[in-house]
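# Sequence and computational prediction follow.
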Amino acid sequence: MGLIDRKTIDLKQLAKNLKSLREQANLSILGLHVLSGFSDDHLRQLEKLNNSVVPNSSTLFDLATIYNVKIDDLINEKEISLGEELSHLENFFSNNINSPNYLYDKNFLPSFIKTKVLKLPGMKSGMRVSEIIKAFPDKTLNSKDLSRELNRLYRKGEIERFDKTGKSSVFYFKLKTN
């Protein structure tokens with residue numbers, strides 16, 4: 001970690017970058033507090049555009065590590081993006097998937113379904129909720145919540161649903177065929 005001249009940090013740019021990265025990472029302030037160990041008040045202050053608190057090198061290093069960005073980019077970059085390797089965030093979400101207060105986007109499950117579940121090869125022919133859950137052993141997915149969200153997508157016409165048993169109790173969900 002190079003020397004940081006705390007007097008020359010553009011606090012407004014830093015605030016924009018911290019908020020942008022947190023939102024890109026789908027973290028609420030509370031989630032970042034739990035992940036980083038920094039107080040939620042301190043994190044809110046750092047994200048304020050009229051912030052006068054200059055973070056120390058250790059704080060900048062820890063936040064840059066969470067988002068996998070260089071400290072210099074965290075301070076100066078105009079259009080910052082999360083780094084490629086996000087193991088800190090992935091581990092955090094794996095351990096806290098049922099904690100919606102940690103998420104910036106309260107619609108995490110719909111996003112997870114659209115970006116992960118619908119890309120499963122089995123979704124072409126149809127999968128039960130239990131099969132979808134087994135496909136993600138590293139996630140703690142709630143079958144009731146997953147079923148509710150899949151049914152919502154079905155009602156919106158975004159996916160198909162069918163019943164192989166005829167008992168209307170176990171449904172399969174699949175990609176919509178055109």
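Noted; the coordinates are in hand.

# now what about the helix or strand where residue 59 lies, what contacts it?
Using DSSP states H and E, residue 59 falls within helix 57-67. Residues outside helix 57-67 that contact it (CB atoms under 8 Å, 6 or more residues apart in numbering) are 1, 4, 18, 21, 24-25, 32, 35-38, 46, 55, 70-71, 73-75, 82-83, 86, 88-89. Backbone N, C-alpha and C define where each C-beta goes, glycine included.

# who's in contact with the next helix or strand after it?
Scanning forward in sequence from helix 57-67 by DSSP H and E, the next helix or strand is helix 71-76. Here helix 71-76 makes contact (CB under 8 Å, 6+ apart) with 1-2, 4, 9-10, 13-14, 17-18, 21, 57, 60-61, 63-64, 67, 80.

# For helix 71-76, what is the distance to the chain centroid?
In terms of CA atoms, centre = their mean, to the nearest Å, the centre of helix 71-76 is found 22 Å from the chain centre.

# And stretch 131-142, by the same measure?
With CA atoms, centre = their mean, you get 17 Å for stretch 131-142.

# End to end on it, go ahead and measure it.
End-to-end distance for stretch 131-142: 13 Å, by CA to CA, to the nearest Å.

# Show me which residues of it are buried.
Judged by neighbour count (16 or more other CB atoms under 10 Å), stretch 131-142 contains these buried residues: 132-133, 135-136, 141.

# nearest to residue 110, of those?
residue 141 (13.0 Å; CB to CB).

# wait, the closest one sits on residue 133?
Yes - counting by CB atoms under 8 Å, residue 141 does reach residue 133; the two are 4.9 Å apart.

# Any idea which helix or strand in this protein has the lowest mean pLDDT?
Lowest on mean pLDDT, DSSP states H and E among the helices and strands of the chain sits helix 108-115, with a mean of 75.

# Quick one: buried ones out of the contacts of helix 71-76?
Among these, those buried by neighbour count (16+ other CB under 10 Å) are 4, 9, 13-14, 17-18, 21, 60, 63-64, 67, 80.

# where are the low-confidence patches of the protein?
Residue ranges of the chain with pLDDT under 70: 1-6, 98, 104-108.

# So residue 140 belongs to a strand, correct?
No - Residue 140 sits outside any strand when classified using DSSP: H, G, I helix; E, B strand; the rest coil, being coil.

# I'm done for today, thanks for sticking with me.
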